[in-house]
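S.K.: Test case, fold it:
(4 chains)
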There are 2 protein chains.
Amino acid sequence: MWDAMVDAAGKEELGEAGALDVSSIEHSVIFQIKRTQALLTRRFQSRFAGFDLRPGEYGILLLIATNPGRKQTEIADALGIQRANFVPLINSLERRHLTERRPSLHDRRSNALYLTPYGEDFVQGIYQAEATFEAECTVRLGGAKSREAFLALLSRLVAGAAPTSP
Amino acid sequence: MWDAMVDAAGKEELGEAGALDVSSIEHSVIFQIKRTQALLTRRFQSRFAGFDLRPGEYGILLLIATNPGRKQTEIADALGIQRANFVPLINSLERRHLTERRPSLHDRRSNALYLTPYGEDFVQGIYQAEATFEAECTVRLGGAKSREAFLALLSRLVAGAAPTSP
DNA sequence: TATTGTTATACTCTATAACTATA
DNA sequence: TATAGTTATAGAGTATAACAATA
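M.R.: Residues are numbered from 1 along each chain as shown, chains lettered A, B, ... in the order given. Reported below is the predicted structural model:
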């Protein structure tokens, strides 16, 4: 053992023991939001593993459900997905007979997106699981009021201009 | 034009006009935190473009600065980076003479990580830019008190058990 | 037997450019 | 000329498995 010279209770010039000083990142908004998002996504994925959907596909199904007949670009834009990256996602959903593309009646360049009857049933399961997951978030955040405050703070972070004090 | 039959002011059976109904994702914690994180990371990256660092490298430099002599696994763990993915990051920093690996005095398996003198200077610039960025986040969130509340809510989301009302 | 650092590898997400058909 | 969808491709970030050296 090379550590015979080390004072077990204290520090030594090279190589300390014990927990790291993480103060520089612990109070950083950018670091903490990144960590929280990563952990929440993992939790979400493990909870929704039964649906066998990639992260982006949940949003696509939900938005088509409430906005049937819209074109791919519109759904993609609303989710922040580029149209080139949207194609393999909607292909995968269509291959599973959850959605379908119909030619638009107004613009022969675009596809109108719809859920299949099977897709409608499928989305009901997502609604329920989503509601359960969000309810758990609400509990963690300390209630509905706290949850709304949290969402409001998130939207303030993304807002175009920095608002002054309320 | 195929849309002669469409009532410009209202809706038609297939293909509506106007904004999408995004209520299903707008009030979702998981969707909003993901969107906010993505936008904040872009903003951070554009603001820190001058440093030519990948996202993970900021945290590594900050943690080595406050924890010199720690081994790779410790720094990686604190940042949620797997040790296999840590290697190319620390290699890149070392190639730029910002950090260096020294053999540990206690454990010949591990490397002790240090900033070079140049790395120390470099980190000062990061501190300043970070402080500016975080100060901007504070303004957006509505002040220091609101910021602390936001960080507290983030930590509640990641907490192991769901806490009851405070 | 377990841990540290490393390599290799794969998979996802994201980003850009270019093509086609329509407008 | 611009837009919608598509293809191809490249870059990050992240995941696991396996290995050598050391504990």
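
S.K.: drop to CA atoms for contacts and neighbour counts, all remaining ones
M.R.: Noted.

S.K.: where exactly do the strands run in chain A?
M.R.: A:99-103, A:111-115 (DSSP state E).

S.K.: helices and strands around the first one, which ones?
M.R.: In terms of contact count using 3 or more Cα pairs under 8 Å, 6 or more residues apart in numbering or on different chains; DSSP states H and E, strand A:99-103 is assigned the packing partners helix A:83-95, strand A:111-115.

S.K.: same thing but 7 Å
M.R.: strand A:111-115 (3 or more Cα pairs under 7 Å, 6 or more residues apart in numbering or on different chains; DSSP states H and E).

S.K.: where are the low-confidence patches of chain A?
M.R.: Residue ranges of chain A with pLDDT under 70: A:1-17, A:161-166.

S.K.: Can you tell me which residues in it are near DNA strand C?
M.R.: Taking Cα under 7 Å from any atom of the strand as the contact definition, chain A meets DNA strand C at A:R54, A:P55, A:G56, A:I81, A:Q82, A:A84, A:N85, A:H106, A:D107, A:R108, A:R109.

S.K.: Buried ones only from those, please, as a PyMOL command.
M.R.: The buried residues among the residues of chain A next to DNA strand C can be selected in PyMOL (16 or more other Cα atoms under 10 Å in any protein chain shown) with this line:
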select buried, chain A and resi 56+81+106
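
S.K.: Closest to chain B out of the residues of chain A next to DNA strand C?
M.R.: Taking Cα to the nearest Cα as the measure, chain B lies nearest A:H106 of these, at 5.0 Å.

S.K.: I'd like to know how far the closest one sits from A:K71.
M.R.: According to Cα to Cα, to the nearest Å, A:H106 and A:K71 sit 11 Å apart.

S.K.: For chain A, which segments count as helices?
M.R.: A:23-26, A:29-47, A:55-66, A:72-79, A:83-95, A:117-141, A:144-158 (DSSP state H).

S.K.: Mind putting those helices into TSV with distance to DNA strand D?
M.R.: Below are the helices of chain A laid out as TSV (distance: least, Cα to the nearest atom of the strand, whole Å):
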stretch	distance to DNA strand D
helix A:23-26	15
helix A:29-47	7
helix A:55-66	12
helix A:72-79	4
helix A:83-95	4
helix A:117-141	18
helix A:144-158	20
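
S.K.: Which among those is found nearest to B:T66?
M.R.: Checking those against B:T66 by Cα to Cα gives helix A:23-26 as the closest, at 8.0 Å.

S.K.: and the closest one, which residues are buried?
M.R.: Across helix A:23-26, burial judged by 16+ other Cα under 10 Å covers A:I25.

S.K.: just to revisit the earlier point, out of the helices of chain A, nearest to B:L98?
M.R.: helix A:23-26 (18.2 Å).

S.K.: Distance from the chain centre to the closest one, please.
M.R.: 24 Å (Cα atoms, centre = their mean, to the nearest Å).

S.K.: Likewise for stretch A:136-149?
M.R.: How far stretch A:136-149 lies from its chain's middle: 17 Å, per Cα atoms, centre = their mean.
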